[in-house]
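Enquirer: Let me see the structure of the following:
(chains A, B, C and D)
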There are 2 protein chains.
Amino acid sequence: MSLAYVILGLLQQQERTGYDLKSECFDDCIAHLWPADLAQIYRTLDKIEVQGWITCTVEVQYDRPNRKVYRITPTGEEELNQWLRTHQPLPIWREPLLVQLYFAAQLPNEAIIRLLEQEMEARRKKLDECKAHDINSSNDPKVSREEFLQQLVLELVTRREQTYLDWLDEAIEIVRIQPE
Amino acid sequence: MSLAYVILGLLQQQERTGYDLKSECFDDCIAHLWPADLAQIYRTLDKIEVQGWITCTVEVQYDRPNRKVYRITPTGEEELNQWLRTHQPLPIWREPLLVQLYFAAQLPNEAIIRLLEQEMEARRKKLDECKAHDINSSNDPKVSREEFLQQLVLELVTRREQTYLDWLDEAIEIVRIQPE
DNA sequence: TGTTAATATATGATTAATCAGATATAAGAC
DNA sequence: GTCTTATATCTGATTAATCATATATTAACA
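Expert: The predicted structure follows:
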């Protein structure tokens, strides 16, 4: 379960509450990497606390709800480090558009093109959002190693979206000249 | 739920049992498009039969278990046609490797490279499997329209895998020269 | 003055997918 | 002669993710 390791990774950076994780990380840069809602975050925190990978201390607040601050334990750090080194099975991709195209012979060209154009619009929007999450560069060598790796990830994501967009462009042109 | 529409599309091609769907389609060309196991196939058949999108007749066999043969209904064809024309929300991709890379600053270069190499091996294998599923070409214009669209799908899948492999190649080279 | 957003945690329900097995017969391999 | 594979259907259990909602206070907005 990768979400547990995403959370471990984030708690290794600094101690956080579930709410912090959501608003600082999962709503921000992690959104494109491993989206998760609060329900899932809270339940995963419970689970890995039981496993002893994190500990929790309650910060009492009087003007707002109390905060449950989580910290990674040595066991958690070891667990994370091991996972980071271990090859994970390839994720399975299921794409509705490809299914639609696969069975689209019964549609007129114009309907197929509309589908492709809508996909293009959605993907362009997503690529822009992704590129907007620019990584600020630092001179601290420890921080710059992190940034370098994050840049690598961003590079793949944008490159792959671009490949998709190029294909969509060509696909639309080819469908346009198909006999019906 | 796209699986229901995959099954509708396959039943529109020809009538089939759940077992046929698995062995002829989901184990073959659909494997890379929308993998599904028998449990899921049978349960989805039940569900869309109740909805009236397919009907079932039992073929009694004496030397083997009876066959429940499913056929698409006019309601089912209309439902499929509508779905095929309707833009579906972009699927969400969660990739363990990207999470690993994102938090990999604590690993030595050599461990990161091992991770990338293992991913490369797995992706190469998958690309080869995909390419092996070659589409036989026909002269029947109705069949060739189907093949053309399936070719388009295959083209995207292979192109995207190639993009991934190229990135992996470059990533390995860059990590190799990173100061630790 | 009333409504919404922000802060903070949590549970319940449902879906989609996966994993494991139960049932039963016949054909083919070793 | 035994074991495995193919044929065929189906249920049970579990996981991961999503959606909706409950609770409670404060601050900002219109």
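Enquirer: rest of the way, CA atoms for contacts and neighbours
Expert: Fine.
Enquirer: okay, now the domains of chain A?
Expert: Domains of chain A are assigned by automatic domain parsing as A:2-85, A:96-176.
Enquirer: Residue B:118: which of these is closest?
Expert: Using Cα to Cα as the measure, domain A:2-85 is the one of those that comes nearest residue B:118, at 10.8 Å.
Enquirer: for chain A, what spans make up the strands?
Expert: Counting by DSSP state E, the segments of chain A that form strands are A:54-59, A:67-72.
Enquirer: For the ones you listed, give me TSV that also has mean neighbour count and distance to residue A:164.
Expert: Conversion of the strands of chain A to TSV gives the following (neighbours: other Cα atoms under 10 Å in any protein chain shown; distance: least, Cα to Cα, whole Å):
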stretch	mean neighbour count	distance to residue A:164
strand A:54-59	16	40
strand A:67-72	20	39
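Enquirer: want to try JSON lines for the ones you listed, with mean pLDDT as columns?
Expert: Compiled in JSON lines, the strands of chain A are given as follows (pLDDT from 0 to 100):
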{"stretch": "strand A:54-59", "mean pLDDT": "95"}
{"stretch": "strand A:67-72", "mean pLDDT": "96"}
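Enquirer: closest to DNA strand D out of the ones you listed?
Expert: Taking Cα to the nearest atom of the strand as the criterion, DNA strand D comes closest to strand A:67-72 out of these, the separation being 11.6 Å.
Enquirer: could you give the angle of that closest one to strand A:54-59?
Expert: Orientation of strand A:67-72 against strand A:54-59 (axes from the mean of the first three to the mean of the last three Cα atoms, to 10 degrees) gives an angle of 150 degrees.
Enquirer: tell me what strand A:67-72 is packed against?
Expert: Based on contacts counted as 3 or more Cα pairs under 8 Å, 6 or more residues apart in numbering or on different chains; DSSP states H and E, the elements that strand A:67-72 packs against are helix A:2-13, helix A:18-20, strand A:54-59.
Enquirer: Of these, give the one that comes closest to DNA strand C.
Expert: Closest of the helices and strands packed on strand A:67-72 to DNA strand C is helix A:18-20, at 3.7 Å (criterion: Cα to the nearest atom of the strand).
Enquirer: Around DNA strand D, pick out the residues from chain A.
Expert: Neighbours of DNA strand D within chain A, by Cα under 7 Å from any atom of the strand: A:1, A:2, A:3, A:35, A:36, A:37, A:39, A:40, A:63, A:64, A:65.
Enquirer: try 10 Å this time
Expert: When proximity is defined by Cα under 10 Å from any atom of the strand, chain A lies next to DNA strand D at A:1-4, A:31, A:34-44, A:47, A:61-66.
Enquirer: Find the nearest non-adjacent residue to residue A:6, please.
Expert: Leaving out its chain neighbours, the residue that sits closest to residue A:6 by Cα to Cα, 6 or more residues apart in numbering or on different chains is residue B:99, at 6.8 Å.
Enquirer: tally of neighbours for the one you found?
Expert: Neighbourhood size, residue B:99 [other Cα atoms under 10 Å in any protein chain shown]: 21.
Enquirer: re earlier: distance to residue B:120 for the strands of chain A - can I get that in TSV?
Expert: Conversion of the strands of chain A to TSV gives the following (distance: least, Cα to Cα, whole Å):
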stretch	distance to residue B:120
strand A:54-59	33
strand A:67-72	31
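Enquirer: Could you report the distance from residue A:149 to residue A:177?
Expert: Residue A:149 sits 43 Å away from residue A:177 when distances are taken as Cα to Cα, to the nearest Å.
Enquirer: Name the residue in those two with the higher neighbour count.
Expert: More neighbours surround residue A:149 than the other of residue A:149 and residue A:177, with 20 against 9 (other Cα under 10 Å).
Enquirer: List the buried residues of stretch A:123-136.
Expert: Within stretch A:123-136, the residues scored as buried using 16 or more other Cα atoms under 10 Å in any protein chain shown are A:123, A:124, A:126, A:127, A:130.
Enquirer: so which of those residues also contact chain B?
Expert: When Cα under 8 Å from any Cα of the partner chain is taken as the criterion, the members of the buried residues of stretch A:123-136 that contact chain B are residue A:123.
Enquirer: which ones are touching residue A:34?
Expert: Neighbour list for residue A:34: A:3, A:6, A:26, B:93, B:94, B:95, B:99 [criterion: Cα atoms under 8 Å, 6 or more residues apart in numbering or on different chains].
Enquirer: what does residue A:133 give?
Expert: Residue A:133 makes contact with residue A:29 under the criterion Cα under 8 Å, 6+ apart.
Enquirer: From chain B, how far off is it?
Expert: 14 Å (Cα to the nearest Cα, to the nearest Å).
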